[in-house]
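>>> Have a look at this prediction, sequence included:
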Amino acid sequence: MKRRSILLLAAALLALALLTVTASAARYLKGDVNNDGEITAADARLSLRASVRLEPYTDDSPEFAAADADGDHELTPGDARMILRASVHLEELADTGMLVKKTNDYSIELLDWDWDLDEMNNPYVSVYFLVENTSDKDEDFFFSPWAVNGYMTPLSFCTDGQTILPPGRRKILTSIVTGDETSPDYSLTPAVLLEFEANVATVANDGEDYHIIGTDHFTAGIPVTDGPIRYEAPYADRAFTVANNSFRYFQLDSTLRNWYGQNEELDVTFLYQNLSAETQMVEVEITAVNGISTLDEYGMGIRSSFPVFAGCYAQPLAMLYYDFMEPERSLAPLNVVGVTPEQVQNVSYIFRVIDKANGEEIYHSDETLLKIK
């Protein structure tokens, strides 16, 4: 597994060698030796026992790193004393990450990220955050959407299950970002440039009251010899559609997907680049298939929306499903018009671009007939 230090771009040239993060550093909270999300006297006791070798912590373990309060790579009674003081808020232990956001209600630190291959040889990126609830209400922390190396990667998930923290608790959350639904020429790794939104919501009454209290966009990167690696479309022979110099796009492909032994889905994909300085929402609305209307009783077609950060590429797509299990009863889009994916000859669609900040529509295509290959 490849490991790298993390740096905010604003500090990318500052003492990179001093900020190297070890493999264990990404998975512990300084002072929380028993890893229960809190710093208590019990953690100080474990640190003290470890200092006299009554706890079997190896020097490369998360427990050792958490017990080493002063970060000198040795366990002494002084570490236990610091942890005990921190448990009663007389000491603030330094964390290993970079501060992303701190308010009166919460704080978020980006600890580290790494990349590797899964069992199917597909690349993924693991990003580690330290989050803290400093309010008097339960809070939910989630991170989405993501861009890696200047390309929007629509699929991500948290590996730590519960993301809702009660008041006064801290926790490390791990987000896994995958390269699914991206252009085939795009490479997720090495992941040298990350962009993401950090979102925080208060939760009450068993989830019935859910209010977003913070949504912020952040960028972090690793300096490399030739600057950050950003995706650039290699399709010089394709004609992009350009409007107001704020974006460009073209139809990339149309693909049949086989899920249960039959082609149950048709994906119509586009390659899109946001040329503006603001996040945009891209919407593809299918209005007809083979000349048969897909509009509902409210005059709305089949819609898919995708956020695209400033300067980033993305692959918006329209997904058309057919349910072979219950073809007569299903409300899947292609069942409604009575067409299977393989029978699709053309698709009429509307392409919209919206400025996310103010909700203003900056582009609305005429209805276009799209020939399926």
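Thanks, I have it. Numbers count the residues shown, from 1 in each chain.
>>> what are the ranges of the strands in the stretch 151-300 of the chain?
Along the stretch 151-300 of the chain, the segments classed as strands by DSSP state E, counting those that start in this stretch run 151-152, 156-158, 164-165, 170-178, 193-204, 209-221, 241-243, 247-258, 263-274, 280-289, 292-293.
>>> Just give me the lowest mean pLDDT stretch among these.
Mean pLDDT is lowest for strand 241-243 among the strands of the stretch 151-300 of the chain, at a mean of 82.
>>> how many other residues sit next to Ile286?
22 (other CB atoms under 10 Å). Yep, even glycine has a C-beta here, placed from its N, CA and C like the rest.
>>> Phi first, then psi, for the closest residue to it other than its chain neighbours.
With sequence-adjacent residues excluded and distances taken as CB to CB, 6 or more residues apart in numbering, Ile286 is closest to Ile302, at 4.2 Å. Backbone torsions of Ile302, given as degrees, to the nearest 10, read phi -80, psi 120.
>>> mind listing what Ile302 touches?
Glu285, Ile286, Thr294, Ala318, Leu320, Pro333 (CB atoms under 8 Å, 6 or more residues apart in numbering).
>>> Now with 7 Å, please.
Counting by CB atoms under 7 Å, 6 or more residues apart in numbering, Ile302 touches Glu285, Ile286, Thr294, Ala318, Pro333.
>>> What score does it have for pLDDT?
So, for Ile302, pLDDT stands at 88.
>>> Then Asp114?
So Asp114 comes in at 88 (pLDDT).
>>> is it true that it lies in a strand?
Yes - secondary structure assignment places Asp114 in a strand (DSSP: H, G, I helix; E, B strand; the rest coil).
>>> From Val127, how far out is it?
9 Å (CB to CB, to the nearest Å).
>>> Next, give phi and psi for Ser87.
With angles defined as degrees, to the nearest 10, Ser87 sits at phi -70, psi -20.
>>> before we move on, the earlier item: please tabulate the strands of the stretch 151-300 of the chain in JSON lines, including the columns distance to Arg53.
Shown next, in JSON lines, are these (distance: least, CB to CB, whole Å):
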{"stretch": "strand 151-152", "distance to Arg53": "49"}
{"stretch": "strand 156-158", "distance to Arg53": "36"}
{"stretch": "strand 164-165", "distance to Arg53": "34"}
{"stretch": "strand 170-178", "distance to Arg53": "27"}
{"stretch": "strand 193-204", "distance to Arg53": "40"}
{"stretch": "strand 209-221", "distance to Arg53": "38"}
{"stretch": "strand 241-243", "distance to Arg53": "68"}
{"stretch": "strand 247-258", "distance to Arg53": "58"}
{"stretch": "strand 263-274", "distance to Arg53": "56"}
{"stretch": "strand 280-289", "distance to Arg53": "58"}
{"stretch": "strand 292-293", "distance to Arg53": "76"}
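>>> Nearest to Asn104, out of the ones you listed?
With respect to Asn104, and counting by CB to CB, the nearest of those is strand 209-221 at 10.4 Å.
>>> quick one: buried residues of the closest one?
Neighbour counts over strand 209-221 (16 or more other CB atoms under 10 Å) mark Gly214, Phe218, Ala220, Gly221 as buried.
>>> Please name the bridge partners of the nearest residue to the first one once chain neighbours are set aside.
Distances taken as CB to CB, 6+ apart put Val200 closest to Gly214, at 4.2 Å, once the chain neighbours are dropped. According to DSSP bridges, the residues that bridge with Val200 are Phe141, Gly214.
>>> so which of the strands of the stretch 151-300 of the chain is the most packed in?
Most buried of these, by mean neighbour count (mean count of other CB atoms under 10 Å): strand 151-152, with a mean of 26.
>>> Which strands or helices does it pack on?
Strand 151-152 is packed against strand 313-314, with contacts defined by 3 or more CB pairs under 7 Å, 6 or more residues apart in numbering; DSSP states H and E.
>>> gap between the strand it packs on and the chain center?
14 Å (CA atoms, centre = their mean, to the nearest Å).
>>> now do stretch 313-321
Taking mean C-alpha positions (CA atoms, centre = their mean), stretch 313-321 and its chain are 18 Å apart.
>>> re the thing from before, quick one: closest of the strands of the stretch 151-300 of the chain to Arg352.
Nearest of the strands of the stretch 151-300 of the chain (CB to CB): strand 280-289, 4.2 Å.
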